[in-house]
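1. for reference, the sequence and a predicted model appear below.
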Amino acid sequence: MKGQKECEMTDVFENYLSSTGGLSAEEINFSMQFFKPMRLKKGDFFIREDESCRHIGFIASGAVKAYAIDKEGKENITCFKFENEFVTSFPEFVAHEKSRRSIRAIEDSLIYRIDYSNYQHLLGEVTAWNGVIKSVMEREYNQKERYLLNYNNRSAVDKYRHVLSSEPMLVQRIATQDLASYLGITQRSLTRAKGQIHRPNVL
């Protein structure tokens, strides 16, 4: 049963690569050998802050959060990644440096990961991968821009309202404390915002 499930997850990755339109079936088949499955239980780390960032991963199932720890020891969550998304700390991965944030599973997850040397080899052998990575990087940049635009200098109610309309998956799958950290508000403010939005109008 486990073998069949893994096979299905491999299909998820292959389907994603097919959907990019840049890779032929032969190139996808060739590429798959360099990605190794990594199973994470909820709470397991994909990358730890201050450790060398050696891998890039594709999430076939599950979800992760990326965060840095501030001086008070609190998590400052910068993003969440779900199925069909690549995950790493890109600047440090490319520069071969220590990660400035941790990436940790918030659900049991299956991630296909590739190390730096195989990544470089793959880019050299299959030039279409440069296009795949470029689109991943653009998506990362756009996510950061949207985050700054939608969640900076807004009230807790406005932030929560935006999550509900634009990123409902976060409300469905993310713990309240993690969502509050991502929005840059306290858990209490988030609970109050939920109450204000979901409360029936009273005349």
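-> Great, that's in hand.
2. for this protein, what spans make up the strands?
-> Counting by DSSP state E, the chain has strands at residues 36-40, 45-47, 55-61, 64-69, 75-81, 85-87, 102-105, 109-115.
3. I'd like to know which elements the fifth one is packed against.
-> In terms of contacts (3 or more Cβ pairs under 8 Å, 6 or more residues apart in numbering; DSSP states H and E), strand 75-81 is packed against strand 64-69, helix 128-151, helix 176-183. Where you see a C-beta, it was placed from the backbone N, CA and C, and this is true even at glycine.
4. do that again at 10 Å, thanks
-> With contacts taken as 3 or more Cβ pairs under 10 Å, 6 or more residues apart in numbering; DSSP states H and E, strand 75-81 sits against strand 55-61, strand 64-69, strand 85-87, strand 102-105, helix 128-151, helix 168-173, helix 176-183.
5. grab the nearest non-local neighbour of the residue nearest in space to the middle of the chain.
-> By Cα atoms, centre = their mean, the chain has its centre lying nearest to Lys81, at 2.1 Å. In this structure, Lys81 finds its nearest non-sequential neighbour in Val87, 4.6 Å apart by Cβ to Cβ, 6 or more residues apart in numbering.
6. any idea how far that neighbour lies from Asp158?
-> Per Cβ to Cβ, to the nearest Å, Val87 is found 28 Å from Asp158.
7. the more surrounded of these two?
-> Ranked by neighbour count (other Cβ atoms under 10 Å), Val87 and Asp158 place Val87 first, with 25 against 14.
8. I figured the more buried one was touching Arg101, is that so?
-> No: Val87 is beyond contact range of Arg101, at 11.3 Å (criterion: Cβ atoms under 10 Å).
9. still on that earlier bit, want to throw the helices and strands packed on strand 75-81 into JSON lines with mean pLDDT and distance to Phe46?
-> Shown next, in JSON lines, are those (pLDDT from 0 to 100; distance: least, Cβ to Cβ, whole Å):
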{"stretch": "strand 55-61", "mean pLDDT": "95", "distance to Phe46": "6"}
{"stretch": "strand 64-69", "mean pLDDT": "95", "distance to Phe46": "6"}
{"stretch": "strand 85-87", "mean pLDDT": "94", "distance to Phe46": "7"}
{"stretch": "strand 102-105", "mean pLDDT": "96", "distance to Phe46": "4"}
{"stretch": "helix 128-151", "mean pLDDT": "88", "distance to Phe46": "16"}
{"stretch": "helix 168-173", "mean pLDDT": "93", "distance to Phe46": "17"}
{"stretch": "helix 176-183", "mean pLDDT": "95", "distance to Phe46": "16"}
